[in-house]
Each structure stands twice: as structure tokens, then as C-alpha cells.
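Undergrad: model this:
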Amino acid sequence: MRPSTGHFSGVSLSNLTDTPVLIQDSIFEASAEELPALGEGMKLEERDGKQMAHTQEGFFMEFEVVLPAGEYSFSIQAVAPNRSSDLYWVQVDGEQVERPLALPVGAVSERSIMLRLREPGKHKIRMELREAPGSAIGRIGLYRTSVNVVNPPMRQELRDRHPRIFFTSSDLDAMKARLNAPQVQRFYNPTGVLTRKPPAFRPGQRNGGSYRSLGSYAMSYLLEPDDEKLKGILEWLEMATTYPHCGVDLDAEYFMEGVALTYDWLYEYIPEELRIRVRDTIARQCREVYEVSLHGRTGGGFSFQQNHYWFAHLSMALGAAAIYGEMPETERWQTSVSHGIMPALHLHTTADKSMKQESVLLSLQRKSSAFLEVFGVVFVSELVDLGSRCAFLPPS
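TA: Model (predicted):
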């Protein structure tokens, strides 16, 4: 019998909306009545029975805090009357944040933006107009969101073992033996030598998609080893290490789908010096997704039903599972994925027991369903199993 609740996450319909792994520490808060003392161009007026600070020409507000380096969330409860007055610039020590803070239009609600403090010490946070004034602000705050690791998100016996995503080395002999089975040949034939040259990174363009099929070549090498196959794969990994990162949306998952799976599956075949650089590349991509995910800035925002949200978080799941234990951050990344993805999985699998559990993983990739069919394995319990234990186990 398959459990309806995952072994690690503990998510069920009764606690679906709980967020026990996220911790939010308040650093600074100011109500509408306190805002005029922080700047200029504000007028207090009542809105729906509450005092709100309405912005006017020349608006700005700023405050100073003493903080360690790290990522923080600048939060604002506000409303803009229209799309011509909903954007504001936020600065940290005089340096403008890359994207403007966008306020909700028509109804008061919360919005936030991530601030990265690179050095410890005193910092000045400033907010000013980007467009027309006229917004109403109820309060502001500065918070630090972190992940509380309640239980280790990977089983001890897999920490120092590769491969561990989808299968382990103990499964390889059985997988090789199945290659000639008619059922397998209807769906799968190992790829040949990778002769295409890897593309250089193109700033401002989508880059990850080129790497999406790299894992197929890694799988082919494991099943039918050939030095020429390995040579082509290593050339692509070399190029991957020159990529800064592939964003925080679909492209991030495409990149990790190839690079993270190849790292895990071919771990013992990748020269150590290259393996370290690939590991650092995976960590760089995970770090980018993790930092913005805490503030809802990945693809899909906070909407876990959204496919862009799934792909963004899957990029972190694959990367963290591949390099788990090699960097202390991987534990937080994998726990964060559990918090971000598990509600959607368990909402589907618990609410509809007749649904095949692998069907809720369409965002993982359709070819995974072929993998399941070909090698006779069944998805067990939850997405975090990609790194917690061999995620796909032989059917009983």
C-alpha cells in the first residue's frame, strides 16, 4: 500500500496550508502613522476605517538598520489606484534594486521584494517613486526568511552514494538486462555519441534548453559504456561550468535536467577537477532559485499549481539531490523544495486515490513516464524522494 502522506514532509489534507519549515524574523516595522517621520511626500488619510499614508509628489521614505550580510525581504501593505502609479524603486545603500516593487491595484494586500546585503554593518533602505504618486500604504517591514530543517531530507545511506536520483548503482544490472526486452524496445533505445558542440552562454537569452537532453546521453553511457560517448558528455559539462546561471523559471529546470542528472549518474566517471566545477555550477543555479523562491520571485510566484512554479522548484530539487552533502546549503535547498512542492503533490494524490501518482508529475517531464514504463518502476510518495531515497523503486 502506498502511503498517502510522505515519510519526510508529513503533509496531509489536514495540515496542507501549514508552513512549519519557514521562519520569518521581523527586523523593522512601521505603521502608516509612523511613515511620515521616515521621509517626505506623504499624507495620512483614512481608508476603510484605517489610517493609510498616501504618496504625493516628492515622496520618499528611508530608514537605517544594522544587519549581517544576507538576503532580506522588504514588505509593504499597500494599494495603487491604477497601473500608472503602482511601481516604486527600492535602494540599498544608494544602489537601486534591479526590479521595481509592484504594488497591488484596487485592493489592499501585501507585496515584497528581496534585498541582498553583501556586507555586514549599517545599511540604509530607501523607497521612492518610479511612476506617478497616489498609492496608499498601510505599513512596511523588513524581514529575514529562513528554512528550518526539521528532519534530514535525505536518507543517510544515500548521502555518499551515486547514482541516487531515479535509481542507484544496484539497479543498473537489471536495467541493462531489460534493454533487449520487447516492452523496453518499443519505448527506448540508448542514444549514440553526442557529436553536437555545446553552445556558449548568451547573455539575455534562454540558455538552459540546450542541455535538457544531456541526461539521456548520460543514461546511454551507463547502459552501454563507450569512451566516445563519455568524451562528448564531458565536453558539454565543461561548457556548462561557464554559465553564470539560467534564471529562475523554465530555463533553470531545462539546464538542471541535463547537468544535475548527468553529475549524479556519471559521478565516478567525471574527472575530479571538472566535477568540482560542475558541482559549483549546480550550486550557483540552486542558490539563485532558492534566494528568490523565499520571496515568491521564481516563475509562477507563490502559485504552486502553476507549471512555471513547478519547473523552477524542480531545478532546485534536482540540483540539491545531485550535490547533497557536498555543501551545507543543500540541506536547506532540499527542505525548501519539500515545503514548496509537497502541497501540490499531496493535494492531488490524497484527494484522488484512484489517480496514478506518477501522473501528477507531468512537470517533471513526460519522458519520465516512459522511463517508468520501460524499467518497470513506480513513483513512491513524494517529489523529495528524488533526493531522500531512490525516488523510483521496483514495484512490489
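Undergrad: Give me the buried stretch members for stretch 93-113, please.
TA: Across stretch 93-113, burial judged by 16 or more other Cβ atoms under 10 Å covers Val97, Leu101, Leu103, Pro104, Val108, Arg111, Ser112, Ile113. For glycine as for every other residue, the C-beta is placed from the backbone atoms N, C-alpha and C.
Undergrad: do the same with stretch 112-122
TA: For stretch 112-122, by 16+ other Cβ under 10 Å, it's Ser112, Ile113, Met114, Leu115, Leu117.
Undergrad: which SS class is the nearest residue to the fourth one once chain neighbours are set aside?
TA: By that I understand Leu115. Once flanking residues are discounted, Leu115 sits nearest to Tyr72: 4.8 Å by Cβ to Cβ, 6 or more residues apart in numbering. Taking DSSP: H, G, I helix; E, B strand; the rest coil as the rule, one finds Tyr72 in the strand state.
Undergrad: Let me see the contact set for Tyr72.
TA: Ile27, Met114, Leu115, Arg116, Leu117, Leu142, Tyr143, Arg144 (Cβ atoms under 8 Å, 6 or more residues apart in numbering).
Undergrad: re earlier: so of the buried residues of stretch 93-113, which ones are in strands?
TA: Leu101, Arg111, Ser112, Ile113 (DSSP state E).
Undergrad: Was I right to think the second one contacts Ser75?
TA: Read that as Arg111. Yes. If you go by Cβ atoms under 8 Å, Arg111 and Ser75 touch, sitting 7.2 Å apart.
Undergrad: Secondary structure element holding the residue positioned nearest the centre of the chain?
TA: In the chain, the C-alpha nearest the mean C-alpha coordinate belongs to His313, at 3.2 Å (Cα atoms, centre = their mean). According to DSSP states H and E, His313 maps onto helix 307-323.
Undergrad: Show me which residues of that helix are buried.
TA: 308-323.
Undergrad: Can you tell me which of those lies closest to Ser210?
TA: Ser315 (15.0 Å; Cβ to Cβ).
Undergrad: ok, so what distance separates the closest one from Asn148?
TA: 22 Å (Cβ to Cβ, to the nearest Å).
Undergrad: ditto for Asp160
TA: 25 Å.
Undergrad: cool, and Tyr324?
TA: On the measure of Cβ to Cβ, Tyr324 and Asn148 end up 18 Å apart.
Undergrad: And the lengthiest strand in the chain, what's buried?
TA: Of all segments of type strand in the chain, defined using DSSP E, the longest is strand 50-67. Using 16+ other Cβ under 10 Å as the test for burial, strand 50-67 gives Met52, Ala53, His54, Thr55, Phe59, Phe60, Met61, Phe63, Leu67.
Undergrad: contacts for that strand?
TA: So strand 50-67 is contacted by 27-28, 30-33, 35-36, 38-46, 117, 120-129, 133-138, 140, 142 (Cβ under 8 Å, 6+ apart).
Undergrad: close enough to count as contact, Ile282 and Glu257?
TA: No. With contact defined as Cβ under 8 Å, Ile282 does not reach Glu257; the gap is 11.8 Å.
Undergrad: Which one of the two is surrounded by more residues?
TA: A direct count of neighbours by other Cβ atoms under 10 Å for Ile282 and Glu257 places Ile282 higher, at 29 against 26.
Undergrad: Return the distance of that one relative to Ser31.
TA: For Ile282 relative to Ser31 (Cβ to Cβ), the value is 43 Å.
Undergrad: While we're on Lys176, how confident is the model there?
TA: In this model, Lys176 is scored at 88, pLDDT.
Undergrad: name the element it belongs to?
TA: Using DSSP H and E, Lys176 falls in helix 172-177.
Undergrad: List the buried residues in the helix or strand just after that helix.
TA: Toward the C-terminal end, the helix or strand that comes next after helix 172-177 (DSSP H and E) is helix 182-187. Buried residues in helix 182-187, counted by 16+ other Cβ under 10 Å: Val184.
Undergrad: what's helix 182-187 packed up against?
TA: helix 366-375 (3 or more Cβ pairs under 8 Å, 6 or more residues apart in numbering; DSSP states H and E).
Undergrad: on that earlier part again, taking the mean pLDDT, what do you get for the helix holding His313?
TA: On average, helix 307-323 scores 88.
Undergrad: now do stretch 39-49
TA: 93.
Undergrad: for stretch 226-241, same thing?
TA: Here the average pLDDT along stretch 226-241 is 98.
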